[in-house]
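# Any chance you can model this:
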Amino acid sequence: MAEKDMAEKKLEDYPEVFTDIVNTLLFSDSSIRLDENKIVDGPTESIYKAEEQDKEQRRDTFKYYDIGNKGILFCVAAYGIENQSTIDNVMPVRIMNYDASAYKSQVFGLKSSSKQTNQKRKRIYPVITIVLNFSEKEWKTSRSLYDMMALPSDLAKYVQDYKINVFDVAFLEDDVIEKFTSDFKAVARFFKDKRLRLEANDTIEIKHPAEIADLFSVFTGDEGYRNAVPDVIKKKEKGEVITVCTYTETIRDAGKLEGKLEGSEEMLFKLVSKGKLTPEDACEELDITLSELEKKMKDANFQFHRHYK
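As a prediction, this is how the structure comes out:
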């Protein structure tokens with residue numbers, strides 16, 4: 001779980017990816033558009049009381065939206081992204097807790113002068129969090145506090161609700177995926193194709209190949225994506241446009257090369273077992289010791305002759 005969270009956070013930490021996610025999913029029907037150049041990193045850790053002890057909680061990604069100038073921070077909103085690879089029934093309470101901690105830190109700030117502006121803020125700014133569900137199941141559980149309660153209708157008007165913004169990445173409509181302008185377009189397409197059991201062959205350009213490969217590897221269990229990164233980066237440096245197809249082609253080529261090497265190795269084993277090649281010459285060709293050669297040949301069901309006939 002932690003490895004998946006880290007892979008997601010690495011990509012989302014890029015301002016253009018972060019704003020693209022928020023603009024496309026949260027503000028799709030709004031005139032609001034976040035500018036990637038006004039995104040500032042915010043704290044992902046906060047402290048809360050539990051069982052008479054201070055406990056630390058961590059957000060996945062948290063950013064300030066800064067409209068200040070000349071190096072003076074003036075935050076008008078804060079945005080958080082929480083990544084889920086499994087469905088969490090208590091997510092509304094988790095998000096409420098994250099957001100409440102962010103509001104609490106602002107309240108403390110109201111009582112003291114800002115270090116950046118030397119002016120007291122008179123109002124707090126909104127904290128907005130979205131949840132990205134990367135699983136292959138739709139989020140059909142709680143999206144609000146009310147959803148978690150067996151709440152009598154006559155009591156509902158006295159109880160404050162707290163709703164969360166959840167988006168099922170693998171279930172996004174094609175027209176929504178096409179609206180993404182960052183590497184998250186490739187991510188959304190990848191997870192949708194994965195759910196539909198389609199081959200990943202998209203031609204969307206990828207700007208952050210290492211982070212994309214890390215994300216794909218942890219969610220598929222295929223280390224081929226990570227192993228392909230050096231070759232993919234070389235292609236990028238040569239001016240080649242990198243897409244998901246670049247990874248699949250690189251992985252396929254690596255598999256063919258490995259197959260050829262395995263075939264060459266098997267041929268050497270046959271020659272040694274038939275006494276037509278000395279074990280020493282085979283070891284030199286394969287760059288291994290005699291003991292390693294003997295083990296490899298026995299594992300492959302070949303007779304090993306230490307002395308050349």
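
# So in this structure, where's the weakest helix or strand by average pLDDT?
Counting by mean pLDDT, DSSP states H and E, the weakest-scoring helix or strand in the chain turns out to be strand 45-50, with a mean of 52.

# how about the helices of this protein, start to end?
Assigned by DSSP state H, the chain shows helices spanning 2-12, 15-21, 91-110, 145-148, 153-156, 174-177, 184-195, 209-220, 224-227, 229-237, 244-273, 279-286, 290-299.

# Mind giving me the packing neighbours of the third one?
Where contact means 3 or more Cβ pairs under 8 Å, 6 or more residues apart in numbering; DSSP states H and E, helix 91-110 is packed against strand 45-50, strand 53-58, strand 75-84, strand 127-133, helix 145-148. Yep, even glycine has a C-beta here, placed from its N, CA and C like the rest.

# Pipe these into CSV and attach distance to Glu211 and mean neighbour count per row.
As requested, the helices and strands packed on helix 91-110 are exported to CSV (distance: least, Cβ to Cβ, whole Å; neighbours: other Cβ atoms under 10 Å):
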stretch, distance to Glu211, mean neighbour count
strand 45-50, 22, 12
strand 53-58, 20, 10
strand 75-84, 14, 20
strand 127-133, 15, 21
helix 145-148, 34, 16
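
# Tell me which of these lies nearest to Lys234.
When the helices and strands packed on helix 91-110 are compared by Cβ to Cβ, strand 75-84 sits nearest Lys234, at 30.1 Å.

# Mind splitting this protein into its structural domains?
2-197, 199-309 (automatic domain parsing).

# My guess is Ile95 contacts Ile130. True?
No. The criterion here is Cβ atoms under 8 Å, and Ile95 misses it with Ile130 at 9.2 Å.

# anything in contact with each of these two?
Residues touching both Ile95 and Ile130 (Cβ atoms under 8 Å, 6 or more residues apart in numbering): Glu82.

# which residues sit in contact with Val22?
By Cβ under 8 Å, 6+ apart, the residues touching Val22 are Leu34, Tyr79, Ile81, Ile130.

# Report pLDDT for it.
Val22 carries a pLDDT value of 96.

# Just give the number of residues close to Ser144.
Using other Cβ atoms under 10 Å, Ser144 is surrounded by 14 other residues.

# which residue packs closest to it, ignoring adjacent ones?
Spatial nearest neighbour of Ser144, excluding adjacent residues (Cβ to Cβ, 6 or more residues apart in numbering): Lys163 at 4.3 Å.

# Would you enumerate the residues in contact with that neighbour?
Neighbour list for Lys163: Pro92, Arg143, Ser144 [criterion: Cβ under 8 Å, 6+ apart].

# circling back: out of the helices of the chain, which gets nearest to Cys75?
That would be, of the helices of the chain and by Cβ to Cβ, helix 91-110, which comes in at 9.0 Å.

# what distance separates the closest one from the centre of its chain?
Put simply, helix 91-110 sits 24 Å off its chain's centre (Cα atoms, centre = their mean, to the nearest Å).
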